[in-house]
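**Q** The sequence and its predicted three-dimensional model are supplied below.
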Amino acid sequence: MSRALDAARQHDLSTVVDTRHVIVCTGPGGVGKTTTAASLALGAAARGRRTIVLTIDPARRLAQSLGLGKLDNQPRPVKGVDGLDAMMLDMKRTFDEVIDRHASDPARAQRIKTNRFYRQMSGSLAGTQEYMAMEKLYDLHSTGGYDCIVIDTPPTRNALDFLDAPRRLTDFLEGRFLKMFLAPGMAAGKLATRAAGFGAGLFMRAASRLTGQAVLGDLAEFFQSFEGMYDGFKNRAQAVYHLLQQPTSAFVVVATGEVPALREARFFLQRLESDGMPTAGLVVNRVTPPPPAGLAPVTPQAARAAAATLEQDGPESRAAAALLRLHAGRVEVAQRERHAIAAALHGIDPRALVQVPLMATDVYDLPGLTAIGQHLYS
Ligand SMILES: Nc1ncnc2c1ncn2[C@@H]1O[C@H](COP(=O)(O)OP(=O)(O)OP(=O)(O)O)[C@@H](O)[C@H]1O
Ligand SMILES: [Mg+2]
């Protein structure tokens, strides 16, 4: 096992929740980002820090436990936990807030917000959710008065999307399509031809959900209304990026013990390093729980040999033999996970390496999150 792995094992995440101002939980889809974010926030609040967790699409039961009954884009106090607020990102509303902030006057903001292309795009454009999460993070940082902001990230095909989203969105908004569309006197028909000629996946996907000639008018109006707002968008994206690079920020990468998730986590840890982003640790979630103390020293080979002997003793020993085989299988899975983790961390330093076992049930309430926390900080 690598030296980096041994060194990483010696750190947990308690100093992170004790000291950092922004904590971003990121990783591949479905690995436990939302759960980890909520649990880290609980840990920060337990240390007396005024904390908020910004969740994205939490499971309904978890949302309820955090006091998030409806999507209203407002921080809500978490019942029973002093100093902890939670909120659920409402992408559409956040986008509207962004428009209000950047538009030169209320009439222009209103024009954009009622534009049909905008209404379609603000809910569906790839990368919008990531951009809006960043946007809300910056808002909470500048105006929320929180000591600690824990942010969950959207389920993306690729964990890197989160870092790339602001650039992609601003590229889209000020991109070369735009320059073409804004060419004076461009007729609607010509606009459509040009757009089709470019075959812009992102653009056309959003546009194709609308039909008819009217859409072309909406498109032209949308881009024209955006004129003069690109700098605002870009500056904000840069400010968020800069905030994330500060040593007071921390990225916690979440994965499971499976090879594809760990590969993606490795890739992300490398990317964070090359972007100068402060990495705080790797959480390997839902790992195979350790065997009961009495069985722990029994190797898979010994367990299988004992099972074979027991099976010859007659039907009443079969249950014990089956348990021994189960134990052997589990120990082997745990070994595979350990090797996969060591391989993923070869040559890189995640700072902390934390393993959280697969719990008996889904994690959706405060006791469940506290139980996860015991592993994050142990
Ligand atoms: N250690 C654990 N033991 C058992 N269940 C867990 C554990 N961690 C998370 N879960 C469960 O796994 C499911 C996925 O977790 P979660 O929603 O946190 O993942 P995610 O990475 O946020 O997913 P997505 O990418 O879809 O947003 C949830 O039902 C959660 O309760
Ligand atoms: Mg999630």
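**A** Yep, it's here. Being a predicted model, the structure only gives us computed values, none of them experimental. Ligands and ions are numbered 1, 2, ... in the order given.
**Q** can you list the weak-confidence ranges in the stretch 201-350 of the chain?
**A** Low-confidence regions of the stretch 201-350 of the chain, defined here as pLDDT under 70, cover residues 201-215.
**Q** What segments of the stretch 51-200 of the chain are helices?
**A** When secondary structure is read from DSSP state H, counting those that start in this stretch, the stretch 51-200 of the chain shows helices at 60-65, 91-102, 106-114, 116-124, 128-143, 161-174, 176-181, 188-198.
**Q** neighbours of the nearest residue to L376 once chain neighbours are set aside, just the number please.
**A** Computed as C-beta to C-beta, 6 or more residues apart in numbering, the closest residue to L376 that is not its neighbour in sequence is L13, at 4.9 Å. Backbone N, C-alpha and C define where each C-beta goes, glycine included. L13 is surrounded by 26 other residues when neighbours are defined as other C-beta atoms under 10 Å.
**Q** I figured L13 was touching V254, is that so?
**A** No: at 11.3 Å, L13 does not count as touching V254 under the criterion of C-beta atoms under 8 Å.
**Q** shared neighbours of these two, anything?
**A** Counting by C-beta atoms under 8 Å, 6 or more residues apart in numbering, the contacts common to L13 and V254 are V283.
**Q** Within range of ligand 2, give me the residues from the stretch 151-300 of the chain.
**A** Within the stretch 151-300 of the chain, no position lies close to ligand 2 (C-beta under 5 Å from the ion).
**Q** Could you find the residue nearest the spatial middle of the chain?
**A** Closest to where the C-alpha atoms of the chain average out (C-alpha atoms, centre = their mean) is T153, at 2.3 Å.
**Q** Can you report phi and psi for that residue?
**A** Summarising the backbone geometry of T153 under the convention degrees, to the nearest 10, its torsions are phi -120, psi 160.
**Q** quick one: contacts for it?
**A** Applying C-beta under 8 Å, 6+ apart, the residues contacting T153 are V24, C25, T26, G27, K33, I56, E130, A133, A159, F162.
**Q** Can you narrow the residues you listed down to the ones near ligand 1?
**A** Restricting the contacts of T153 to those within reach of ligand 1 (C-beta under 6 Å from any ligand atom) leaves K33.
**Q** Which ones among the contacts of T153 lie within strands?
**A** Here DSSP state E is the test, and the contacts of T153 give V24, C25, T26 as lying in strands.
**Q** ok, of these, which one's closest to G228?
**A** Looking at those and their distance to G228, the nearest is V24, at 31.0 Å (C-beta to C-beta).
**Q** Check the gap between the nearest residue in space to H11 that is not next to it in sequence and G257 for me.
**A** Of all residues not flanking H11 in the chain, A352 sits nearest, at 3.8 Å (C-beta to C-beta, 6+ apart). Summarising the geometry, the distance separating A352 from G257, computed by C-beta to C-beta, to the nearest Å, is 16 Å.
**Q** re the thing from before, measure the residue nearest to the centre of the chain to ligand 1 for me?
**A** 8 Å (C-beta to the nearest ligand atom, to the nearest Å).
**Q** before we move on, what about D96?
**A** D96 sits at a distance of 23 Å from ligand 1 (criterion: C-beta to the nearest ligand atom).
**Q** Quick one: residues contacting A265.
**A** Neighbouring residues of A265 by C-beta under 8 Å, 6+ apart: G27, P28, A159, V253, V254, A255, L282, A344.
**Q** quick one, what contacts the first one?
**A** Contacts for G27 (C-beta under 8 Å, 6+ apart) come out as K33, T153, A159, V253, V254, A255, A261, E264, A265, F268, V283.
**Q** can you check A46 too?
**A** A46 is in contact with V81, G373, counting by C-beta under 8 Å, 6+ apart.
**Q** again with I372
**A** With contact taken as C-beta under 8 Å, 6+ apart, I372 is in contact with T35, T36, S39, V356, M359, V363.
**Q** ok, 10 Å please
**A** Applying C-beta atoms under 10 Å, 6 or more residues apart in numbering to I372 gives the contacts 32, 35-36, 38-40, 42-43, 283, 285, 356-357, 359, 363.
**Q** Regarding the closest residue in space to it that isn't next to it in sequence, what is its secondary structure?
**A** The shortest distance from I372 to any residue other than its chain neighbours is 4.3 Å, reached at S39 (C-beta to C-beta, 6+ apart). Three states are possible here, and by DSSP: H, G, I helix; E, B strand; the rest coil the one that applies to S39 is helix.
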